[in-house]
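K.L.:
Predicted model and sequence follow; I will ask about them next.
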Amino acid sequence: MRTFEVHDAAVPEVRQRDEGLRLEGVTVRYGSTTALSGIDLSAPSGEVLAVLGPSGGGKSTLLRTVAGLEGSSRGSVRFGGQDLSGVPVHRRGFGMVFQDGQLFGHRDVAGNVEFGLRMRSVGRRERRREVARLLELVGLAGYQRRKVGELSGGQAQRVALARALAARPRLLLLDEPLSGLDRMLRERLAVDLAELLSDSATTAVVVTHDLDEAFTLADRVAVLSEGRVLQEERPRRLWTRPADEEVAGFLGCTTFLRGRIEDGIASCPLGSVPCPGEHAGEVLLGLRATGVRAHRSGTERNRGARGEVVRRSHRHDHVRLTVAVPELAGVDRLEAVVADTEVPEPGEEVALEIDPAGTALLGR
Ligand code: ADP
Ligand code: MG
């Protein structure tokens, strides 16, 4: 039976528009492989949802399912309250940007960006104005006549983005949009993209394996692994309160230590971490390399736990140590950082202290 909405139902319509994207129980199988398993996720209108996870976890499958490119899926995908099953790709009003290779090589920059405008039957003069506006938005003002083959990777990605935005998508789907770029460019473009999405109040889903990309862009982050959502949270909360060791491991925690919370302070053998408002009791602390600072013994800061340097490696802005910690129950070795002004030799003893900024509390 069909039911029809009452047309002047203004309030429900506003509510529906605000609803954004909602996935419920989405499952996708390829033969015997379950790429997605019972995914519940949402991206409220105007927000950016980042889906973060290892390669093969199901990220691209998720985006293709939302776009309508995935033939067989179970569960429901809704946008603005509307069920999208049976709505073909080109009628969903979604824009997509992939990792690479998506520009039309035979058109120049303007021709690529214009594509979305032609689809909307925008007139010629208006098209020219809009192309200029979009190119300015992505930091490529004046690039209209440039050939696609003469663009750098970062410029090509910006053009792809402008082209997707030109179609005024209700939802922008980004599949590892920056991962083909070198580090400096990626960081800069991530910041630009975050600003652009927030300025244009675009609802977007970005899938990536890159922590920086996810955390720079997202209003919410979902961790996807082996086809399941392990946790969905605001970025800061996810970073400091991962649900379990698997999520924490994905967020860079390499060592786990038992501790206790009392009076808003979590203590473990390496030191303590303020956690105001957390209820008292046992806790598992997740330490990133940057969560443990090493100091040469014999300096004045040699309280706390000790260890012996096993290995050291120079990073671009610090030195990382692997430290054997025989005194610490349940842990053999841990990663620590040391200022490059006092790098100890392998075999040397170091004092260790916790840095709350690199520490997470699990299961809270
Ligand atoms: P991600 O984008 O996170 O790397 P994918 O969504 O591409 O992950 O893949 C998820 C899983 O589904 C993987 O095990 C992958 O091998 C499998 N898969 C993806 N696409 C296909 C396909 N067209 N046919 C068969 N298996 C696929
Ligand atoms: Mg992928």
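P.N.:
Arrived safely, thanks for sending. Residues are numbered from 1 along each chain as shown. Ligands and ions are numbered 1, 2, ... in the order given.
K.L.:
Would you map out the domains in this protein?
P.N.:
Structural domains assigned to the chain are 8-240, 243-364, following automatic domain parsing.
K.L.:
okay, those in CSV with mean pLDDT and mean neighbour count next?
P.N.:
Any C-beta I mention is one placed from the backbone N, CA and C, and that applies to glycine too. Listed next are the domains of the chain as CSV, based on pLDDT from 0 to 100; neighbours: other C-beta atoms under 10 Å:
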stretch, mean pLDDT, mean neighbour count
domain 8-240, 90, 18
domain 243-364, 92, 17
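K.L.:
any chance of those domains in TSV, with distance to ligand 1 too?
P.N.:
Shown next, in TSV, are these (distance: least, C-beta to the nearest ligand atom, whole Å):
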stretch	distance to ligand 1
domain 8-240	3
domain 243-364	12
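K.L.:
so what's E47 closest to, chain neighbours aside?
P.N.:
D219 (4.2 Å; C-beta to C-beta, 6 or more residues apart in numbering).
K.L.:
Just confirm the one you found contacts L49, I think it does.
P.N.:
Yes - between D219 and L49 there is a contact under C-beta atoms under 8 Å: 7.1 Å.
K.L.:
give me the number of residues near P242?
P.N.:
By the criterion of other C-beta atoms under 10 Å, P242 has 27 neighbours.
K.L.:
That one belongs to a strand, doesn't it?
P.N.:
No - per DSSP: H, G, I helix; E, B strand; the rest coil, P242 lies outside any strand segment and is coil.
K.L.:
Which residues are in contact with it?
P.N.:
By C-beta atoms under 8 Å, 6 or more residues apart in numbering, the residues touching P242 are 231, 248, 251, 253, 286, 360, 362.
K.L.:
Against ligand 2, how distant is it?
P.N.:
Distance, P242 to ligand 2, using C-beta to the ion, to the nearest Å: 22 Å.
K.L.:
Which phi and psi values does the closest residue in space to that residue that isn't next to it in sequence adopt?
P.N.:
Sequence neighbours aside, A248 is the residue nearest to P242 in space, at 4.0 Å (criterion: C-beta to C-beta, 6+ apart). The phi/psi pair for A248 (degrees, to the nearest 10) reads phi -60, psi -40.
K.L.:
could you measure A248 against V323, distance?
P.N.:
A248 sits 20 Å away from V323, taking C-beta to C-beta, to the nearest Å as the criterion.
K.L.:
before we move on, what about G139?
P.N.:
In terms of C-beta to C-beta, G139 sits 44 Å off from V323.
K.L.:
can you check A280 too?
P.N.:
Going from A280 to V323 by C-beta to C-beta gives 30 Å.
K.L.:
again with E233
P.N.:
From E233 across to V323, the span is 31 Å (C-beta to C-beta).
K.L.:
before we move on, back to that, surely the residue nearest to P242 is in contact with L362?
P.N.:
Yes - between A248 and L362 there is a contact at 5.7 Å, judged by C-beta under 8 Å.
K.L.:
Give me the phi and psi for the residue in the stretch 1-150 of the chain that ligand 2 sits nearest to.
P.N.:
Scanning the stretch 1-150 of the chain for the residue nearest ligand 2 gives S60, at 3.2 Å (criterion: C-beta to the ion). Comment: the main-chain dihedrals of S60 come out as phi -70, psi -40, following degrees, to the nearest 10.
K.L.:
overlap in contacts of A248 and L362?
P.N.:
Common neighbours of A248 and L362 (criterion: C-beta under 8 Å, 6+ apart): 242, 256, 286.
K.L.:
tell me the pLDDT at the first one?
P.N.:
Per-residue confidence (pLDDT) for P242: 98.
K.L.:
For A266, state which of the shared contacts of A248 and L362 is nearest.
P.N.:
Nearest to A266 among these, counting by C-beta to C-beta, is G286 at 11.1 Å.
K.L.:
Look at that closest one and tell me its secondary structure.
P.N.:
For G286, the assignment made with three-state DSSP gives strand.
K.L.:
Tell me the bridge partners for it.
P.N.:
Note on G286: beta-bridge partners by DSSP bridges are F256, A360.
K.L.:
L185: helix or strand, and which one exactly?
P.N.:
When elements are assigned from DSSP states H and E, L185 belongs to helix 183-199.
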